[in-house]
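[1] quick one: sequence plus predicted model below, questions after.
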Amino acid sequence: MSDRPPFLEAEVVKKFLTCTALIPLLKTALINFSGGTGGIIQPVRTIVPVATYGGFLGVMPAYSATDDALATKVVTFYENKRPADENETPAFPSHHSTVLLFEPRNGILKAVLDGNVITDRRTAAVSALATELLKPAAAEVLCILGSGSQAHSHFEVFMERFSFKELKLWSRRREKAEQFASTVNAKVQVCATAREAVTDADVIITVTMATEPILFGEWVKPGAHVNAVGACRPDWREVDDNLMQNCVLYVDSREAALKESGDIVLSGAEIFAELGQVLKEKKLALAEKTTVFKSVGLAIEDAVSAKLVFDSWSAATTNE
Ligand SMILES: NC(=O)C1=CN([C@@H]2O[C@H](COP(=O)(O)OP(=O)(O)OC[C@H]3O[C@@H](n4cnc5c(N)ncnc54)[C@H](O)[C@@H]3O)[C@@H](O)[C@H]2O)C=CC1
Ligand SMILES: O=C(O)C1=NCCCC1
C-alpha cells in the first residue's frame, strides 16, 4: 500500500456496504449513542449556509470507542429549485458527500471514501430499523413520497428486509416516478397525488427536498408508521402539524432534531424517545399507535459505515 491514503469510490463502497453487515453495526451505534456504553462523541453537525446559491455545507465528525471508528463526513446539499421548464432535469445532484476515515490511535488519515452511497444506504438502513420496531403488525402497503437517491436506497433496503404486498409511489414530477417504476424489479403503483399514495398505506417514507408539508395527518391511516427523512433544516417541512402533534414521535437524536427538524421545531411536537433507547428496550415501541420516526442523520452512522467498508476492502486487497 502506498503512503497516500486510498480513495474508495462509489462502486467499492457499494460492494462492501451490505445491509447484512451494516444493520447490526448501526443498531449498536444507535444504542451507544442514546446512552449505551460505547463512548460515542458526536456533536450536532455544523452547517454553513451558502445562501447566495441556496446551498448548505455540513461537517459531521464522530468517534466511537467501541467500534474504534474516527471519521468526519463533509456533505453539501442544495435546494436545486425546480427548473423553469417542467420537463428539464436539474443539472446536478442535490447532495454530495465525502467521508474521511482516520486511525484513532494516531490520527493518521486512513482513507477517503465516496460518501454518497454511505449516506443513501445508512439512512435507509436506519429507517428499516425504526420500521421493524414501529410498523403495525400486519403491514402490507408501503408508500414512498419522492423519487430521488434516498427513494431508491429506501426501496432497495426495504425490499430486502420486508415483504410488502403493495408499493405506492408519488413524486412531484410524475415522469420521475414512472422512470423509477420502470427501472426497479417490482410492481410499483405510480400515484397522481401524494394523498392517493398515502391512502391505506401501513408504512410511509418521505424522502423529498420539500420545504412545505407534503404529508398531511388527515390522510394517514391510524396505526401507520412514517419515516420522515427529508426536511432537515429548522425552517423546512415535509409533515404537517396535525400528524406531528398526533403521533408518537421517535427521533435519531433528540438534540439534533430539536435544532434541525422544522417538522419538530415549528409544530412543537413532543419527542417520545430516541431510536437507540427503543433498540436498547429502555423505551417502548408503541407499534399499535400512529408513529413517526424523524431522522436527521447522524455522523456516527457514517463513521461505522466507513470503517466497515475500509476494513472489508483492506482484507480483500490483502488477500489478492
Ligand atoms: N435523514 C437523513 O439521514 C438524511 C436525509 N436526507 C434528506 O432526504 C431528502 C431526500 O434526499 P435525496 O433523495 O438525496 O434528494 P434527491 O434530490 O435525490 O431527491 C429529492 C426528491 O424530492 C423531490 N422534491 C424536490 N422538491 C420538492 C418539493 N418541493 N415537493 C415535493 N417533492 C420535492 C424531487 O422531485 C425528488 O424526487 C432530502 O431532504 C435530504 O436532505 C438526505 C440524506 C440523509
Ligand atoms: O445525514 C446526512 O448526511 C444529511 N442529513 C440531512 C441533510 C443532508 C445530509
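    Cool, the structure landed. Numbering: from 1, shown residues only. Ligands and ions are numbered 1, 2, ... in the order given.

[2] ok, the one residue in the chain that gets nearest to ligand 1 - contacts?
    Nearest residue of the chain to ligand 1, counting by C-beta to the nearest ligand atom: Gly148, 1.9 Å away. Every residue, glycine included, has its C-beta placed from N, CA and C. Contacts for Gly148 (C-beta atoms under 8 Å, 6 or more residues apart in numbering) come out as 94, 207-209.

[3] a markdown table for the residues you listed, including pLDDT, distance to ligand 2 and secondary structure?
    Below are the contacts of Gly148 laid out as a markdown table (pLDDT from 0 to 100; distance: C-beta to the nearest ligand atom, whole Å; DSSP: H, G, I helix; E, B strand; the rest coil):
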| residue | pLDDT | distance to ligand 2 | secondary structure |
| --- | --- | --- | --- |
| Ser94 | 95 | 9 | coil |
| Val207 | 98 | 11 | coil |
| Thr208 | 98 | 12 | coil |
| Met209 | 97 | 9 | coil |
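
[4] quickly list the domain ranges of this structure.
    As assigned by the TED database, the chain contains the domains 7-118+300-318, 124-297.

[5] tell me the most buried of those?
    Highest mean neighbour count among the domains of the chain (mean count of other C-beta atoms under 10 Å): domain 124-297, with a mean of 20.

[6] that older thread, comparing the domains of the chain by mean pLDDT, which bottoms out?
    Taking each of the domains of the chain in turn, the lowest mean pLDDT turns up on domain 7-118+300-318, with a mean of 93.

[7] for that one, measure first residue to last.
    In domain 7-118+300-318, first residue to last residue: 16 Å (C-alpha to C-alpha, to the nearest Å).

[8] next one: stretch 131-151
    Stretch 131-151 has an end-to-end distance of 15 Å (C-alpha to C-alpha).

[9] now check it, is it near ligand 2?
    No. Figure legend: stretch 131-151 not in contact with ligand 2 (C-beta under 6 Å from any ligand atom); closest approach 9.5 Å.

[10] now Leu243: closest residue in space, sequence neighbours ignored.
    In space, and not counting its chain neighbours, Leu243 is closest to Gly217: 3.4 Å by C-beta to C-beta, 6 or more residues apart in numbering.

[11] render the CA-only coordinates of the helix or strand containing Pro24 in PDB, please.
    Assessed by DSSP states H and E, Pro24 sits inside helix 19-33. Output of helix 19-33 as PDB, limited to C-alpha atoms (Å, rounded to 0.1, in the frame of the first residue of the first chain):
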ATOM      1  CA  CYS A  19     -27.300  -4.500   4.700                       C
ATOM      2  CA  THR A  20     -26.400  -7.700   6.400                       C
ATOM      3  CA  ALA A  21     -23.100  -6.300   7.600                       C
ATOM      4  CA  LEU A  22     -24.300  -2.700   8.200                       C
ATOM      5  CA  ILE A  23     -27.500  -3.100  10.100                       C
ATOM      6  CA  PRO A  24     -26.100  -4.800  13.300                       C
ATOM      7  CA  LEU A  25     -23.300  -2.100  13.400                       C
ATOM      8  CA  LEU A  26     -25.900   0.700  13.100                       C
ATOM      9  CA  LYS A  27     -28.000  -0.900  15.800                       C
ATOM     10  CA  THR A  28     -25.100  -1.000  18.300                       C
ATOM     11  CA  ALA A  29     -24.000   2.600  17.300                       C
ATOM     12  CA  LEU A  30     -27.600   3.900  17.900                       C
ATOM     13  CA  ILE A  31     -27.800   2.200  21.200                       C
ATOM     14  CA  ASN A  32     -24.400   3.500  22.300                       C
ATOM     15  CA  PHE A  33     -25.400   7.000  21.000                       C
END
